[in-house]
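Peer 1: A predicted structure for the sequence below; I have some questions about it.
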Amino acid sequence: MPGLALPAALGWRPDWPAPPGVHALCTTRAGGVSPPPYDSLNLGLHVGDDGAAVRANRRALQAALPGVRMVFLNQLHGCAVVPLDGHSPDGMPADACVSTTPGVACTILVADCLPVLLSHRLAPVVAAAHAGWRGLAGQGGQGVLESVFGHFCARVQGWLAPPARNEEAIAADTLAWLGPCIGPQAFEVGAPVRAAFCDIDAAARACFTARSQAPGKYLCDLAGLARLRLRALGITRVYGNDGQAPWCTVTNAADFFSHRRDGAALGGSGRFAACIWRC
């Protein structure tokens, strides 16, 4: 896969210039114990899989990351952000998280939605966001990426001296990595989804392709929309998912879970994880 290093145990290490001490991992569906259609490294407890199998999968992943604790959220396709520390419980209702605590992994579960990881070049702050189209669009141009970056900036500011503390300077030193998601040749949406983005930013029109055989339907580039939102925040150091076929969760069934591909056809789909932490 372009932009990813060689596979590590139970996942891939993103290939990006992360600062020293910052680590990230994107799991695949291989290496766990869940039965079909959740085979095999399903990390989602809410998708109908056997709970004991999911907990065994999570323990296996934790064992592969000694000294690191993954914190799993209750994701709601919204814009809420929670801070994480060594006492944070699993299951907090939010779609993004931020941390300055060593060994605490900001963790996002996905199966077509886009995971976004953030780190800062100078301050020991990391964050992760779950960016489906609803959370990405938000309200009035304020979605999950704008929300998590606001929390991210607030923590970075505590580590830096002026003038590096303003949001423009923080954005210039922020790195973003986009994980696998449903690709632009597989994500069909209706006119209301297109309007949620294009009514806010005319540049978003380039991320939608009308389907001549299906009036009112469009193919949507979710990762492209995220890149536009990040650029608007001033974040230009963006790595990972560029919309090419190897990043598509729908078409790469051997590597990734996909709710759109498997939810109806097979009766369910697992979830893989993208996580980021600092030592």
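Peer 2: Structure's in. What do you need?
Peer 1: do I have it right that Leu73 meets Val98?
Peer 2: No - between Leu73 and Val98 there is no contact under Cβ atoms under 8 Å: 11.8 Å. Heads up, the C-betas are built off the backbone N, CA and C, glycines and all.
Peer 1: any shared contact partners between these two?
Peer 2: Val82 (Cβ atoms under 8 Å, 6 or more residues apart in numbering).
Peer 1: for the protein, which segments count as helices?
Peer 2: 51-63, 133-137, 144-157, 167-172, 191-198, 222-232, 259-266 (DSSP state H).
Peer 1: rebuild the ones you listed as TSV, extending it with mean pLDDT and distance to Pro17.
Peer 2: Shown next, in TSV, are these (pLDDT from 0 to 100; distance: least, Cβ to Cβ, whole Å):
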stretch	mean pLDDT	distance to Pro17
helix 51-63	95	25
helix 133-137	98	25
helix 144-157	97	18
helix 167-172	95	14
helix 191-198	98	29
helix 222-232	98	16
helix 259-266	95	32
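Peer 1: who's in contact with Leu118?
Peer 2: For Leu118, the contact set (Cβ under 8 Å, 6+ apart) comprises Val126, Ala127, Ala128, Ala129, Val148, Phe149, Phe152, Thr174, Leu175, Ala176, Ile235, Ile276.
Peer 1: output these as CSV; include the columns distance to Gly268 and neighbour count.
Peer 2: Shown next, in CSV, are these (distance: Cβ to Cβ, whole Å; neighbours: other Cβ atoms under 10 Å):
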residue, distance to Gly268, neighbour count
Val126, 31, 31
Ala127, 29, 28
Ala128, 24, 31
Ala129, 25, 32
Val148, 29, 27
Phe149, 33, 28
Phe152, 34, 28
Thr174, 36, 27
Leu175, 34, 20
Ala176, 31, 24
Ile235, 35, 21
Ile276, 27, 26
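Peer 1: among these, which are in strands?
Peer 2: Val126, Ala127, Ala128, Ala129, Thr174, Leu175, Ala176, Ile276 (DSSP state E).
Peer 1: between those residues, which is closest to Gln157?
Peer 2: Using Cβ to Cβ, Thr174 comes nearest to Gln157 of these, at 12.6 Å.
Peer 1: what number of residues lie near the residue nearest to Gly86 when sequence neighbours are not counted?
Peer 2: The shortest distance from Gly86 to any non-neighbouring residue, by Cβ to Cβ, 6 or more residues apart in numbering, is to Thr101 (5.6 Å). Other residues near Thr101 come to 18 when the count uses other Cβ atoms under 10 Å.
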